[in-house]
Each structure stands twice: as structure tokens, then as C-alpha cells.
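S.K.: quick one: sequence plus predicted model below, questions after.
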Amino acid sequence: MKAFVIERHGGPEVLGLRTGFPDPRPGEGEVVIRVGASSLNYHDVFTRRGMPGIRLEFPVVPGLDIAGEVAEIGPGVEGWVRGDRVLVDPVNRVKGGLMGETMHGGLAEYCLVAARQLVRMPDEVSFEQAASLPVAYGTAHRMMFEIGGVRAGERVLVLGASGGVGNACLLLAKMAGAEVIACASSVEKLARLEALGADHGVNYATTDYVKWVHERYGKPYRRSYDGGVDVVINFTGGETWVPCMKTLKRGGRMLTCGATAGFDPKTDLRYIWTFELQIRGSNSWTVADLETLLGMIRDRRLDPIIDCVLPLEEAGEGFRRIEEREVFGKIVIRP
């Protein structure tokens, strides 16, 4: 089969298309998926670069998010037949491990998964829509609601709103009835975010978003619950960490699910205790999150934002666009 692989850790030069890559064969409790679509995440860039503590066997087929059809069924598998349309939960919750990292992922014509990872897809959901969900929308759904408790009437500031997770947070926060301030790095991206429903857009390349929040909502005060925003979505880390604290009202929540700009930022404990801030981490998603999101698409309440759909041969361009932050939404790859 054809597969797009990471040959070793490094830069873009370690990526490449292979023909004649070994076809997967299902073992006990496993199925082979004919990939209909896969999508890229910044995690794929981290996998290419190498992450501390995670050892890989090369070559690795990247791609965490996978949707397709059941092509082959191994012994001991019940409840599935060839041709069933499925979304793959990227996490093998029995053996452990992650698709596109410690197990071959979706940037190939076929993919091997445990039957326990399969989530049935409604007929109304396309492969491209489903493949946009797990890492970005699944993570956002759990972080926003189960962990973050976002509710109607709250002010929510979203950093990096133009990416996959950021788009998802914007759409889900608006569905919950929140007032959303979307931050992005260009006028063009902000226009698209406001078209998606953002109440306000802040260009952080030219505008101090802390000052913007204080001027619009007032500064937080020790004995006041008024000034500032209720929730900040910050999955960038780095130099944004302390400024985001300064935007939160007393009792506000900072929600984080990643650290694309740095995992060890300086912090300022004075803001945490003075304003009784809550720092809430969220990791991954549940199958229930994925089922809920599939139902939202089926019911036409949600349509994942897709930047572009590329053929497998051009997956390297998808990596480049994500790494250079030239995306708005999800990059989908079709074999």
C-alpha cells in the first residue's frame, strides 16, 4: 500500500511517501480500516521532531484522526462487518498507545486498529468531517464542558482561535451561549472567526489583548467579581501564560490542553492566590465526547471547519502549513 511516513526524528526532510509499504493484517480483536480520510494535528509535528520519553520504531505512519470503512476483521471481533463506516478513537485504551505515534496512523491507504477503538458513524457524516473530530473537537468538548464548565453568559477568551482546537472551542462556546473573544494573528483570520460567530476579535500581533480586555470589561480587583473574563482557553503556554492570568476575573478559570509555544512558562503565583484563579488541565477525550460530536454533525448543529483537503502525496505540505501556522481549521488528508 501507499503510506506517508516519518523516517526518523528531524525536520521536514524526514517525511516521505512510500509505495509498497506492508499491508496490515488483523490479529485477535483487531480490524483493518480502509482509510477514507485522516487529519493532521500539531501533535504530528511534535512526533516528527521527537518528544522526551517517547520512543518510536521507525518508519512511523503519522495521523491520529482516522475515519473510513472496515476492510478486514480479525478473529474474536463481534458486532462489525466489512463496509461499516467508522471513526477511530486514536487511543488504544486497553494496551495503551496512540495512533500515528506508537502505532501506525492514518496517512496510508489502510490502517490496523483494535476493534475497541471503533466508533460507529452516522450516514449523514462524511469521512472528512469525522476525521476532523477526535484530537481537536474531542479535546475541546471535554475541556470546555466536563473540565471547564463553560456556560451561557460567560466571557470566554480563546487564544490561537484559528487552529483546529481553537475553532472547536469557539463553535462549542457559542453553542453554549457564551460571549467569545477570539485571538488570532491576522486581519484575515479574525474576519473568518467573526463570520463563525465570535463576538469580538483581537489581533494579538498588533494589539495587547490584556489591555483590550481591561478597557472593555474593566480590571479584576481583589474584592470584585466583575472585571475581566470568566474563562481563558490557553493551549499555547510559553510567554502567553502570565498575560492570560491578568485577563481573568476573580474566580476565573484558565483551561489548558497543550503547550505548543512552550511547556515550562514563567508564572506569577500572586495572581493565582490574589484573584483565586483556577488552573484546570484537560487531557484527551472520551468515546462519549466523540459520539456526542458525531450526533451534532448528524443533526446539523455542528460542521467542523476544514482548511483544505490534500491528497496523500501532498501530506508534507500539510505538515508545513501547520508548523508555519498558516491554517484555519483542520487539514484533512485523503489517500
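M.R.: In hand now; what should we look at?

S.K.: and the contacts of stretch 116-130?
M.R.: 29, 31, 36-37, 67-68, 70, 80, 84-94, 287, 290-291, 294-295, 297-298, 303-304, 306, 309, 332, 334 (Cβ atoms under 8 Å, 6 or more residues apart in numbering). Bear in mind the C-beta positions are built from the backbone N, C-alpha and C, glycine included.

S.K.: now the buried members of those.
M.R.: Among these, those buried by neighbour count (16 or more other Cβ atoms under 10 Å) are 31, 36-37, 67-68, 70, 84-92, 287, 290, 294, 297, 304, 306, 309, 332.

S.K.: so which of these sit within helices?
M.R.: Here DSSP state H is the test, and the buried ones among the contacts of stretch 116-130 give Val287, Leu290, Leu294, Ile297 as lying in helices.

S.K.: so which of these is the closest to Leu107?
M.R.: Checking these against Leu107 by Cβ to Cβ gives Leu290 as the nearest, at 20.1 Å.

S.K.: hang on, the closest one packs against Ala136?
M.R.: No - contact criterion Cβ atoms under 8 Å: Leu290 and Ala136 do not qualify, at 11.6 Å.

S.K.: restricting to C-alpha, output the host helix or strand of Gly252 in PDB.
M.R.: Here Gly252 sits within strand 248-256, counting by DSSP states H and E. Provided in PDB are the C-alpha atoms of strand 248-256 (Å, rounded to 0.1, in the frame of the first residue of the first chain):
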ATOM      1  CA  LEU A 248      -9.200  36.700  34.400                       C
ATOM      2  CA  LYS A 249     -11.800  38.000  36.800                       C
ATOM      3  CA  ARG A 250     -11.700  36.900  40.400                       C
ATOM      4  CA  GLY A 251     -12.500  33.100  40.500                       C
ATOM      5  CA  GLY A 252     -11.800  32.800  36.800                       C
ATOM      6  CA  ARG A 253     -10.700  29.600  35.100                       C
ATOM      7  CA  MET A 254      -7.700  29.000  32.900                       C
ATOM      8  CA  LEU A 255      -8.200  25.900  30.700                       C
ATOM      9  CA  THR A 256      -5.300  24.200  29.100                       C
END
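
S.K.: list the contacts for Phe21?
M.R.: Contact partners of Phe21, counting by Cβ under 8 Å, 6+ apart, are Met1, Lys2, Ala3, Val5, Val61, Ala108.

S.K.: just flag the most distant two among the residues you listed.
M.R.: Maximum pairwise distance in those, criterion Cβ to Cβ, is 11.5 Å, between Met1 and Val5.

S.K.: between these two, who's got more neighbours?
M.R.: Legend: neighbour count by other Cβ atoms under 10 Å for Met1 and Val5, higher for Val5 (21 against 17).

S.K.: just the buried positions in the worst-scoring helix or strand of the chain on mean pLDDT, please.
M.R.: Averaged element by element with mean pLDDT, DSSP states H and E, the chain has its least confident helix or strand at helix 269-274 (a mean of 92). By neighbour count on 16+ other Cβ under 10 Å, the buried set for helix 269-274 is Tyr271.

S.K.: next secondary structure after it?
M.R.: Counting by DSSP H and E, the next helix or strand C-terminal to helix 269-274 is strand 278-281.

S.K.: helices along this structure, start to end?
M.R.: 42-49, 127-131, 139-141, 164-175, 187-196, 209-217, 241-247, 269-274, 287-298, 315-323.

S.K.: tell me what angle the first one forms with helix 164-175.
M.R.: Same thing as helix 42-49. Angle between the axes of helix 42-49 and helix 164-175 is 160 degrees (criterion: axes from the mean of the first three to the mean of the last three Cα atoms, to 10 degrees).

S.K.: alpha carbons only: can I get helix 42-49 in PDB?
M.R.: These are the backbone C-alpha positions of helix 42-49, laid out as PDB (Å, rounded to 0.1, in the frame of the first residue of the first chain):
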ATOM      1  CA  TYR A  42       0.300  19.900  15.700                       C
ATOM      2  CA  HIS A  43       1.000  16.600  17.600                       C
ATOM      3  CA  ASP A  44       2.200  15.100  14.300                       C
ATOM      4  CA  VAL A  45       4.800  17.900  14.200                       C
ATOM      5  CA  PHE A  46       5.900  17.000  17.700                       C
ATOM      6  CA  THR A  47       6.100  13.300  16.700                       C
ATOM      7  CA  ARG A  48       8.300  14.200  13.800                       C
ATOM      8  CA  ARG A  49      10.600  16.300  15.900                       C
END
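
S.K.: ok, and what's touching stretch 285-297?
M.R.: Here stretch 285-297 has contacts from 87, 89, 119, 121-122, 124-125, 129-130, 133-135, 137-139, 141-142, 302-304, using Cβ under 8 Å, 6+ apart.

S.K.: ok, stretch 204-224 next?
M.R.: Here stretch 204-224 makes contact (Cβ under 8 Å, 6+ apart) with 155, 157, 159, 181, 183-186, 200, 202, 226-229, 243, 246-250, 252, 274-275.

S.K.: go with 10 Å
M.R.: Here stretch 204-224 makes contact (Cβ atoms under 10 Å, 6 or more residues apart in numbering) with 155, 157, 159-161, 179, 181, 183-187, 190, 200-203, 226-230, 232, 240, 242-252, 271, 274-277.
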